[in-house]
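**Student:** sharing a sequence plus its predicted fold:
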Amino acid sequence: MTEHADIQAPGLQLGEAPPRIPVTVEGALAALAMGTLAVITFANVLVRYFTSISFAFTEEYSVAIMVVLAFLGTAAAFAADRHIRMTFFTERLPVRTARGIEIGLLLVSLVLFAAIGWLGALYTWDEYRFESLSAGLGVPQWLYTVWMPVLSAVIVLRIAGRMVRVARAP
Amino acid sequence: MILEGSAILLLAFFGLLFLGAPIGVALGASGILVIGIEGLGIMALPTNVWTGIAKYPLLALPMFVLAGMVFERSGVAKRLVDFAAAIVGPRRGGLAIVSVLVCMVLGGISGSGAADAAAVAAVMLPPMLRQGYPRAYTASLVAAAGSTAVLIPPSIPFIVYAVLVPGVSVPALFIGGMIPGILAGLSLLVPAVWLARRGGFGLPAADEARIPLWQAFKGAIWGLAAPVVILGGLRSGAFTPTEAAVVAVFYGFFVGLVIYRTLTWRDIYAVLRDSAEVSAVVLIIVALATIFAHAGSTLGAFDALAQSLIGMTSNPTVMLLLITVLVLVAGMLIDAISIFLVFLPILLPIANTFGWDLTWFGVILTMNVAIGAFTPPMAVNLMVTCRVAGCSMESTVPWVLWFVAAMLGALLLVTFVPELVLFLPRMSGAL
């Protein structure tokens, strides 16, 4: 089985270099998040079956881990260009034009995630200031939401990195 | 303001989409643009994005993606293929039939059409190429067959639908989806075999080794048992969908590590990493779609659409066909979950006006989305199988349109004979 066989794109080839910081970092963290999710959920099933105790309250953690997983995987997918997209038209353009469009689109993506990161930071700051607690466990809410701006920053860096690589492609 | 805002929203979305922006980015950026221009309140955005994916029922999504991938890597798909091939026997178009059958069984393990299609495409592509099936044909067929996964339980769109629609239960939807799912899969066999005959490909070589039926069955039994475990657990109420998924994950690891001994620890890491990325790519679309949905619903663009739909006709059949077209087109653009989030507020009042059964309504909506998921040019499933097969999406058009037509036939049957959906849940007492 080749790596990522199911999500590898032959689609748009712009001839850029691979990322200098390999995506194994995000990949490993996302794998860890996925493993944790599976173990927590499975442990929940086992505990509920063999004892009468339920630790369903862990679902608050699980849901937060899932959001972290989504942002980590998004960063890795940006670096390696594995997001679901339609390259039907750009594949037919001269590679120079396609690169120009790609850089423009990456800029749009960068602005989008910068906005999410910035607004997410303001949101987290409010949660911190007003000391809001989570509904289930009473954990300070900012401990969950802080991952949105932090990981948006990672995504922004990955997008910027790919912009530079596409611009420098021979 | 409604008209102007809606126009900007749609133009920006389609513009970005056609230029090749990731779907999530197209949704999020067009939403943010309209929120900015029309002053709709930007501060709701992070809450929307967060709560868009921080939902417990959605946890079933990464779990079913993981389950599907564990089963694929543990060699279950391969053994199911051997078993199905032993049943079908050496005939023209035989491997095409096998692909459809295996997609349907795997649809009973993973709830995602794209993951299902990817797994089967990876296994079926080499033997199908050897028998002369064109790449584009294989990509089309597997994308179409894989889309039945959202109808055959477990199905993530059904879970989301049940969460959004009061009075509809997950077991009723799951059981109700079975016959339509099977019909949808079987409908594909007609064009699959006919196209193979017409094109003169898909004939197995005479000397090809065959695996005896019993031996193939013994290999496949562990995989065949998985849908039974999942469905049985759900039906008996023993598991929530997320729990059923995680049980399937660990069952898959057990089969791969202990029974088949095909998985290594390195494989397990790769499975976790890859399924995390695949889940993330879908989840981020769901998250960013909330920005688009927020812009659209705050503007009233969706309400305006609902009102004009109701105003258009009082004939239930015409309305049903209108909705079919609407959801089908939407299904080509976005995933089922986003469609439900965006369209259900519009469609539910209409369904209530006409007194339609909401379980049946959920099944036909999902069937619509399933067809949209492999209708070019923006079909998610087709994108995935084209990537595996290494062909362009446009090359699939002469093939895939036949499959679209076949499944549309099945859809019309289910649309006009609601008992096909309702009689199983009623019989089993789930309704």
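**Tutor:** Thanks, I have it.
**Student:** every contact and neighbour count from this point should use C-alpha atoms.
**Tutor:** OK.
**Student:** for the stretch 151-300 of chain B, what spans make up the helices?
**Tutor:** Along the stretch 151-300 of chain B, counting by DSSP state H, counting those that start in this stretch, helices occupy B:156-164, B:170-199, B:213-235, B:241-254, B:265-299.
**Student:** and the shortest one with chain A, contact?
**Tutor:** No - shown here: helix B:156-164 not in contact with chain A (CA under 8 Å from any CA of the partner chain), separated by at least 15.5 Å.
**Student:** now for the helix ranked longest in chain A, which elements pack on it?
**Tutor:** Longest helix in chain A by number of residues (criterion: DSSP state H): helix A:95-129. Counting contacts by 3 or more CA pairs under 8 Å, 6 or more residues apart in numbering or on different chains; DSSP states H and E, helix A:95-129 is packed against helix A:142-145, helix A:147-168, helix B:2-19, helix B:23-38, helix B:44-53.
**Student:** pull out the buried residues from that helix.
**Tutor:** Going by neighbour count (16 or more other CA atoms under 10 Å in any protein chain shown), the buried part of helix A:95-129 is A:98-99, A:101-103, A:105-110, A:112-124, A:127-128.
**Student:** cool, and stretch A:37-54?
**Tutor:** For stretch A:37-54, using 16+ other CA under 10 Å, the buried residues are A:37-38, A:40-42, A:44-45.
**Student:** neighbouring contacts of it?
**Tutor:** Residues from elsewhere that reach stretch A:37-54 (CA atoms under 8 Å, 6 or more residues apart in numbering or on different chains): A:55-56, A:58, A:62, A:65-66, B:63, B:242-243, B:246-247, B:249.
**Student:** which one among these sits at the bottom for pLDDT?
**Tutor:** Ranked by pLDDT, those bottom out at residue A:56, which scores 65.
**Student:** where does the stretch 201-350 of chain B dip in pLDDT?
**Tutor:** B:206-209, B:234-237, B:333-335, B:337-338, B:341-342 (pLDDT under 70).
**Student:** who in it is up against chain A?
**Tutor:** Contact residues (CA under 8 Å from any CA) of the stretch 201-350 of chain B with chain A: B:242-243, B:246-247, B:249, B:269-270, B:272-281, B:283-284.
**Student:** which residue does the stretch 101-250 of chain B have closest to chain A?
**Tutor:** residue B:118 (5.3 Å; CA to the nearest CA).
**Student:** that residue: helix or strand, and which one exactly?
**Tutor:** helix B:113-130 (DSSP states H and E).
**Student:** could you point out which element follows that helix?
**Tutor:** Immediately after helix B:113-130, counting by DSSP H and E, sits helix B:135-146.
**Student:** residue A:128 against residue A:139, yeah?
**Tutor:** No - applying CA atoms under 8 Å, one finds residue A:128 not in contact with residue A:139, separated by 11.4 Å.
**Student:** how about the contacts made by the residue lying closest to residue B:300 once chain neighbours are set aside?
**Tutor:** Excluding the flanking residues, the one nearest residue B:300 by CA to CA, 6 or more residues apart in numbering or on different chains is residue B:2, at 6.4 Å. Neighbour list for residue B:2: B:299-301 [criterion: CA under 8 Å, 6+ apart].
**Student:** same question for residue B:396.
**Tutor:** Contacts of residue B:396 by CA under 8 Å, 6+ apart are B:136-137, B:139-140.
**Student:** next: residue A:84.
**Tutor:** B:22-23, B:281, B:380, B:383.
**Student:** same thing but at 7 Å, please
**Tutor:** B:22-23 (CA atoms under 7 Å, 6 or more residues apart in numbering or on different chains).
**Student:** can you report phi and psi for it?
**Tutor:** phi -70, psi 120 (degrees, to the nearest 10).
**Student:** do you know the pLDDT at it?
**Tutor:** 73.
**Student:** ditto for the one 10 residues further on
**Tutor:** pLDDT recorded at residue A:94 is 89.
**Student:** and the gap between it and chain B?
**Tutor:** Distance of residue A:94 to chain B, given as CA to the nearest CA, to the nearest Å: 14 Å.
**Student:** residue A:75 too?
**Tutor:** 9 Å.
**Student:** and that residue, that's in a helix?
**Tutor:** Yes - under DSSP: H, G, I helix; E, B strand; the rest coil, residue A:75 falls within a helix.
**Student:** about what we covered before: list buried residues within the contacts of residue B:396.
**Tutor:** B:136-137, B:139-140.
**Student:** dump those residues to CSV, plus distance to chain A.
**Tutor:** Output for the buried ones among the contacts of residue B:396, formatted as CSV (distance: CA to the nearest CA, whole Å):
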residue, distance to chain A
B:136, 14
B:137, 17
B:139, 12
B:140, 15
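**Student:** what's the mean pLDDT across stretch A:156-166?
**Tutor:** Stretch A:156-166 comes out at a mean pLDDT of 93.
**Student:** oh sorry, the question was meant for stretch B:21-32
**Tutor:** Mean per-residue pLDDT for stretch B:21-32: 89.
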